[in-house]
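S.K.: heads up, no residue letters with this:
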């Protein structure tokens, strides 16, 4: 059996998700045993135009990026969005809330109008091309990444959770942040992270995006019960929640 | 049946003796300002004065993730069954009732060898409730006190523990206890007084009927507006399922190893409130609405499970779901009482 050819590409991102693949450490040898990695800028110098699976990190922010992702799409059989920037637009989408000129000046100052900095509104990958699978998170969970890849290689549909973080948070026997009258986005955010943030004393920041059918109405209505306001909730939702589905 | 007495110090020595003999003891320990069952390292960490644990002891009877078998793609499979003996120490009566219900459910019909083999290795030292939790309603559910189902039952009578040793498994552990004295008549009276107080006093939410009436109550409640009203605020987060001592539904998944030839089949907790709980092949979901899932949980506790186990109600009144529900809609007593009221009106 010939090994599937895999290429890894990055767009607007911090490359932290690719780093999670590198962080597979010895397991990376298992990975390259079963796939041929033919392009991966962060880890190798070779390039290729022929690949079966494309892994896309980052969101789409420039006109030339749209063209590039369309070409990648046309070359691969399976396209996987990797990490929050790719799956939901990530924190890059924050800029969509502001005037673009203002944002450019704020970030780049006098260089704001250099041609390579010409950016538009941030888009998640699926807002430009068809995405077959999404591996969520900021950054991705490398164990989840590995299990999705293995499932695809044996022709199985990968299991990607569509239930809230609360499931994994309860499993770890964390005390609910709401019991301390603190906002946590767990009840409306997709699990798969093992409730990492709540297990380490933080709230859920929402990096994996909403579950397919989030009860945002309930999130708003419970604020009162905990002495919180809808504005508090809105502020917490904005970091990863800009322009992805319902809002409060 | 024999009731013995150990001073609190001697009881600590009894627990430490089990640990020193390399017995695996799962006990109740503090987690911040709450409690959880965890592997005990020393008797000093044990908190038999706890009110309620975040998760019930079901996590040891039916683990959250459990390998069932190892397989070879296109080849054979081998069951994974190596269960080590374990002592569950400090199980409250309501949780004991829940475990006994699971014992019945997993042994009837399709006998679940994984569950039953593990269960047979577990010795349960139950303990009478010393402190009510904020949402307990075990008195309403008639599960605040138990008279059987445990291997040993301990009761804190102030300066000492009374140990009611009920089974062979229980007796076997008593070899670790030194200075065991028979309980005096006055001690037994103290124990009775504690149990009598618990029988009626652990009732932060009062069910308006006998639990045995619930299956009948549910017969006419299927299309009641309460399901829609409550479920409007349901996150479908399954917290009520996770913390419930009687929820035992599980999902089964196959995981393949990096050689792409071998793998394992695991089962993991599922929850009927979760959006895709009832999704089957072809992506058909026969319980798509929040309200139908919300209703299912209450029906299961009050009607479907009781039909399988001789009328026992599958809600034991621990109150964990009430505490766990961020939207505050999970309280079974509120719902059953509402149905009672409107039934009486009709």
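M.R.: All right, it came through fine. As the structure is a prediction and not an experimental result, all values here were calculated from the model.
S.K.: what about stretch B:57-65 and chain A, any contact?
M.R.: Yes. Interface with chain A: stretch B:57-65 contributes residue B:64 (C-beta under 8 Å from any C-beta of the partner chain). From N, CA and C alone the C-beta is placed, and that goes for glycine too.
S.K.: And the spatially most central residue of chain A, its phi and psi?
M.R.: Per C-alpha atoms, centre = their mean, the C-alpha nearest to the average position across chain A is that of residue A:84, at 1.5 Å. Main-chain torsions, residue A:84, degrees, to the nearest 10: phi -50, psi -40.
S.K.: ditto for residue A:163
M.R.: According to degrees, to the nearest 10, residue A:163 has phi -130, psi 160.
S.K.: SS state for the closest residue to it other than its chain neighbours?
M.R.: With sequence-adjacent residues excluded and distances taken as C-beta to C-beta, 6 or more residues apart in numbering or on different chains, residue A:163 is closest to residue B:274, at 4.6 Å. Classification of residue B:274 using DSSP: H, G, I helix; E, B strand; the rest coil returns coil.
S.K.: And for the residue lying closest to residue B:328 once chain neighbours are set aside, the neighbour number?
M.R.: Distance criterion C-beta to C-beta, 6+ apart; nearest residue to residue B:328, sequence neighbours excluded, is residue A:225 at 6.3 Å. Here the count is done by other C-beta atoms under 10 Å in any protein chain shown, and residue A:225 has 12 residues near it.
S.K.: Assign residue A:225 to helix, strand or coil.
M.R.: Per three-state DSSP, residue A:225 ends up helix.
S.K.: Tell me if I'm right that it and residue B:233 touch.
M.R.: No. Look at residue A:225 against residue B:233 with C-beta atoms under 8 Å: they stay out of range, at 10.0 Å.
S.K.: Could you tell me which residues touch both of these two?
M.R.: residue B:328 (C-beta atoms under 8 Å, 6 or more residues apart in numbering or on different chains).
S.K.: which ones are touching the residue nearest to residue A:163?
M.R.: Contacts of residue B:274 (C-beta under 8 Å, 6+ apart): A:163, A:167, B:236-238, B:241, B:293.
S.K.: Looking at the residues you listed, point me to the pair that's furthest apart.
M.R.: Taking C-beta to C-beta as the measure, the contacts of residue B:274 reach their widest spread between A:167 and B:293, a distance of 13.9 Å.
S.K.: For the helix or strand containing residue A:144, buried residues please.
M.R.: Using DSSP states H and E, residue A:144 sits in helix A:142-153. Buried residues in helix A:142-153, defined by neighbour count with 16 or more other C-beta atoms under 10 Å in any protein chain shown: A:142, A:144-153.
S.K.: Could you do stretch A:24-44 as well?
M.R.: A:28, A:30-31, A:34-35, A:37-40.
S.K.: got it, and stretch A:225-242?
M.R.: A:226, A:228, A:233, A:236-237, A:239-242.
S.K.: and if you look at stretch B:93-106?
M.R.: So, applying 16+ other C-beta under 10 Å, buried residues of stretch B:93-106: B:93-103, B:105-106.
S.K.: can you redo the residues you listed as CSV with distance to chain A, secondary structure and pLDDT?
M.R.: Output for those, formatted as CSV (distance: C-beta to the nearest C-beta, whole Å; DSSP: H, G, I helix; E, B strand; the rest coil; pLDDT from 0 to 100):
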residue, distance to chain A, secondary structure, pLDDT
B:93, 21, helix, 98
B:94, 18, helix, 98
B:95, 15, helix, 98
B:96, 20, helix, 98
B:97, 21, helix, 98
B:98, 17, helix, 98
B:99, 18, helix, 98
B:100, 23, helix, 98
B:101, 21, helix, 98
B:102, 18, helix, 98
B:103, 23, helix, 98
B:105, 21, helix, 98
B:106, 20, helix, 98
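S.K.: Output those residues as a markdown table; include the columns distance to residue A:122.
M.R.: Shown next, in a markdown table, are these (distance: C-beta to C-beta, whole Å):
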| residue | distance to residue A:122 |
| --- | --- |
| B:93 | 56 |
| B:94 | 51 |
| B:95 | 50 |
| B:96 | 55 |
| B:97 | 54 |
| B:98 | 49 |
| B:99 | 52 |
| B:100 | 56 |
| B:101 | 52 |
| B:102 | 50 |
| B:103 | 55 |
| B:105 | 51 |
| B:106 | 51 |
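S.K.: which phi and psi does the residue lying closest to residue A:94 once chain neighbours are set aside have?
M.R.: Once flanking residues are discounted, residue A:94 sits nearest to residue A:242: 5.6 Å by C-beta to C-beta, 6+ apart. Backbone torsions for residue A:242, taken as degrees, to the nearest 10, come to phi -70, psi 130.
S.K.: how about residue A:242, what does it touch?
M.R.: Applying C-beta under 8 Å, 6+ apart, the residues near residue A:242 are A:89, A:93-94, A:96-97.
S.K.: From these, list the buried ones, please.
M.R.: Applying 16+ other C-beta under 10 Å to the contacts of residue A:242, the neighbour count classes A:89, A:93-94, A:96 as buried.
S.K.: what helix or strand does residue 234 sit in?
M.R.: This is for chain A. Counting by DSSP H and E, residue A:234 is part of helix A:230-241.
S.K.: Repeat that for residue B:47.
M.R.: Following DSSP H and E, one finds residue B:47 outside all helices and strands.
S.K.: What distance do you get for the closest residue to it other than its chain neighbours to chain A?
M.R.: In this structure, residue B:47 finds its nearest non-sequential neighbour in residue B:28, 5.2 Å apart by C-beta to C-beta, 6+ apart. Residue B:28 is 12 Å from chain A, where distance means C-beta to the nearest C-beta, to the nearest Å.
S.K.: Just give me the neighbour total for residue 167.
M.R.: Using chain A. Residue A:167, neighbours per other C-beta under 10 Å, totals 24.
S.K.: meant chain B, my bad for not saying
M.R.: Counted with other C-beta under 10 Å, residue B:167 comes out at 16.
S.K.: With respect to residue A:197, which of the buried residues of stretch B:93-106 is nearest?
M.R.: residue B:95 (29.6 Å).
S.K.: Confirm the residue nearest to residue B:47 sits in a strand?
M.R.: Yes. Under three-state DSSP, residue B:28 sits within a strand.
S.K.: what's it in contact with, if anything?
M.R.: Contact analysis of residue B:28 by C-beta under 8 Å, 6+ apart lists B:35-38, B:46-48, B:50, B:53, B:89-90.
S.K.: Tell me the pLDDT of it.
M.R.: Residue B:28 carries a pLDDT value of 98.
S.K.: Show the contacting residues for residue B:127.
M.R.: Contacts of residue B:127 by C-beta under 8 Å, 6+ apart are B:48, B:89-92, B:153-156.
S.K.: Which of those fall within helices?
M.R.: In helices, judged by DSSP state H, none of the contacts of residue B:127 are found.
S.K.: tell me the domain ranges of the chain?
M.R.: Because you didn't say which chain, this covers chain A. As recorded under automatic domain parsing, the domains making up chain A are A:5-153, A:166-241.
S.K.: let's do chain B instead
M.R.: Split by automatic domain parsing, chain B gives B:2-201, B:211-345.
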